[in-house]
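Engineer: how would this look folded up:
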Amino acid sequence: MSTELRDRYTELRDRFFALSSGGAPPEEVGRFRAEVDATCGGAVTTVDGLAVSWHPTARFKAVRFVDAERLDEDVREWFARPIEDAQYLAAVFADPHELSFRTFENILPLDRVFADVPLEFVLDGRTEIAEGAFAFGMRVPDATRTGLEGLDSLDLYVPPLNSGSRGGERFIFHSALLAEALTGAVAKAMPEALMDGFSHVNPVFRCNRFEPGDANFHRHRDTPYRDAARKQASRYTVLLYLTGGSGADGPVLDLGGAGALTEIPAFTCVVFDQRYEHEGAPYRDGRKVFLRSELVFTEEHVGDDPEIGALFSKACYLTGESVFAPELARHADDYYNRVAAAHWNGLTPGDGAEPFVHKRFRGVEFVANGYDFWFAKGDGITAAECAAITLLDYFNCKIGDRAFRDLCEADVVEAADAEWIPGFLADRRSSSAVPPFDKSALFPEPERPDDGEIPCCGFHMGGVSNYDMTRNADTIGRYTELQEKAKQEVMPAPILLLGEEVVLDPDRFVVEGNLVHVLGKDALTPVNFAACQGPDIDPKIFVGTERTVGAVDVLVPPILFTETADLFHLRFDFFRNSWTVGHAQSEVQIPMIREPEEEDFFWDDEDWDEDDDEWDEDEDDEETEEDEGEDESDGEPKD
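Structural biologist: Below you'll find the predicted structure:
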């Protein structure tokens, strides 16, 4: 990158944060947005699977904050650290088209902010607002108050994804220290009869800010937290009001008519049963800042309704699709609210039309709602191929450098039910877009080692004319070792991304009756083959990367499907009951034996001991250990 271009990007980055602080004339903001839209630039690293840039561009516009230690060391300094009181947080810019249900929210680690803050809480003056709903005064030391009030000044706020149904701004953070301090205070303050099985306060908090004139946080239910493995679920919402005020035209907090608060003093704690549908309003004449979490209880006997999981799957899918079609956001919000209510009252039918997304991907026509996926049949298209596209779509996997959903043509259809879909797809034909692939072609058998005269040492190799170092036993051994490591990542993967091409391994899609089983392995980690250079000739310098393969490995429940003469109908219940499942996408480098370049044989004269005509082994060992340590730290993700 040229100095001129680097300076331009730096100026663009800094102007973004200057304008984000507010107060700039609208025309200046408009000019800046136009400049960003005209700026091209690629990602420099990835975080949580998202490609990120260190400055805004036409593609990378969604700002997020991450622990700077998680960024590659060679580009870390380029990223701004605009939070004065949390310099460990770096600002990155992501492509919103790449977001999926795993990355919708940016959860910030803030325990470092509270590390030196004495967190002490006493909740007193309990007042019952409604059955199962209480308000408390919070008595805290000055240092605790200052630490909590400082959250607002961090200015980590971003507009929420569901901004259409709620006003204000928020950010989400994790603090085990804050949760632990609140756990003890709540346990002492709440009625003992309601706390049977109480475990802890959820360490994930939402910090919300509303200014006078902002829209209300519309009537909704909080979706309960659930951890089936630990047999835990939340029952109560906790709100910590850091500022006080009164409502302009009505209650500041309305629990669906069961109870309300028209005025809230600063440092008030409100706890209410999550069955309550509620609505929040901004203060009349001041900033409203509050934290939200929940009380988690041990739940030994919790049943599951598969229809709730299906609806939640639709809500997550529509949230991702709303990046492209904003009108879907209101449907996603409705689904989330129905799911939250269903945890307590059972699932009720929805009102009005249901949204569907009609998509075209490289000749394949399908309709989806996040749980059901209907595919038009055509020449050669199989249930396995439909399953592969379902996974690529649901997880919004990247193909090359573009997200799957960005590669699709799509339009939204609202209808009373799904009866229209078979006839709609019957008029369309699909052609194969995900062909089968023999992965063994990526791993040719190693050649036989060269049996020629072996040189006495690497330095004098040039004197042996009939010996090919690229075919010696050590090099072939190194190639075989790295090939086996790559096989461990590639061979179990059902889907491979070869640049812009998507292929599947038909053996990893097992069709039994009306189920498609997708075979994979439990987890993937990045595989890197790093050549290590030193004064002696190492077989590693003859082994390079032939190509980089994206391996999509999944751990998912079976995909149910039915087949008619014109279509495949797949049902993908990713949130099947409370089954914990996951997916991962990684890049695997396929090794090849290559001819070495001149620079591979470069050595530093300081490493050569002219007196005894040999390498200084002590210096070489020290340098190699340092180099290998740096390679390891660069190649491994940092927590």
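
Engineer: which parts of the strand or helix carrying residue 13 are buried?
Structural biologist: For residue 13, the host element (DSSP states H and E) is helix 3-20. Neighbour counts over helix 3-20 (16 or more other Cβ atoms under 10 Å) mark 9, 12-13, 15-16 as buried. No exception for glycine: its C-beta is placed from N, CA and C like everyone else's.

Engineer: Also stretch 250-262?
Structural biologist: For stretch 250-262, by 16+ other Cβ under 10 Å, it's 251-255, 258-261.

Engineer: one step back: can you tell me what sits against the helix holding residue 13?
Structural biologist: 24, 28-29, 32, 35-36, 39, 41, 54-56, 63, 78, 80, 82, 91 (Cβ atoms under 8 Å, 6 or more residues apart in numbering).

Engineer: tell me which of these is nearest to residue 556?
Structural biologist: Nearest to residue 556 out of the contacts of helix 3-20 is residue 63 (Cβ to Cβ; 31.4 Å).

Engineer: Hmm, that closest one is touching residue 93, no?
Structural biologist: Yes: between residue 63 and residue 93 there is a contact under Cβ atoms under 8 Å: 5.7 Å.

Engineer: So if I had to pick from those two, which one is more boxed in?
Structural biologist: The neighbour count for residue 63 versus residue 93, taken as other Cβ atoms under 10 Å, is higher for residue 93 (25 against 19).

Engineer: in the sheet, who's paired with that one?
Structural biologist: residue 53, residue 63 (DSSP bridges).

Engineer: State the mean pLDDT of stretch 477-495.
Structural biologist: The average pLDDT for stretch 477-495 rounds to 73.

Engineer: same check, this time on stretch 242-255
Structural biologist: For stretch 242-255, mean pLDDT is 92.

Engineer: Give me the distance between the two termini of that stretch.
Structural biologist: 20 Å (Cα to Cα, to the nearest Å).

Engineer: now swap in stretch 183-195 and tell me
Structural biologist: End to end - Cα to Cα - stretch 183-195 spans 12 Å.

Engineer: Spit out the residues that contact residue 63 and residue 93 alike.
Structural biologist: In contact with both residue 63 and residue 93: residue 56, using Cβ under 8 Å, 6+ apart.

Engineer: How are the strands of the stretch 301-450 of the chain distributed by residue range?
Structural biologist: All strands of the stretch 301-450 of the chain, identified by DSSP state E, counting those that start in this stretch, fall at 354-361, 364-368, 372-376, 398-399, 402-403, 409-415.

Engineer: how about these in JSON lines, adding distance to residue 488 and mean pLDDT?
Structural biologist: Shown next, in JSON lines, are the strands of the stretch 301-450 of the chain (distance: least, Cβ to Cβ, whole Å; pLDDT from 0 to 100):
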{"stretch": "strand 354-361", "distance to residue 488": "30", "mean pLDDT": "94"}
{"stretch": "strand 364-368", "distance to residue 488": "31", "mean pLDDT": "93"}
{"stretch": "strand 372-376", "distance to residue 488": "31", "mean pLDDT": "94"}
{"stretch": "strand 398-399", "distance to residue 488": "22", "mean pLDDT": "84"}
{"stretch": "strand 402-403", "distance to residue 488": "27", "mean pLDDT": "86"}
{"stretch": "strand 409-415", "distance to residue 488": "36", "mean pLDDT": "94"}
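
Engineer: how about a markdown table for those, with mean neighbour count and distance to residue 287 added?
Structural biologist: Formatted as a markdown table, these follow (neighbours: other Cβ atoms under 10 Å; distance: least, Cβ to Cβ, whole Å):
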| stretch | mean neighbour count | distance to residue 287 |
| --- | --- | --- |
| strand 354-361 | 20 | 36 |
| strand 364-368 | 23 | 41 |
| strand 372-376 | 24 | 44 |
| strand 398-399 | 22 | 39 |
| strand 402-403 | 20 | 36 |
| strand 409-415 | 13 | 37 |
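
Engineer: for these, which one sits closest to residue 135?
Structural biologist: Closest of the strands of the stretch 301-450 of the chain to residue 135 is strand 354-361, at 38.8 Å (criterion: Cβ to Cβ).

Engineer: Alright, that wraps it up for me.
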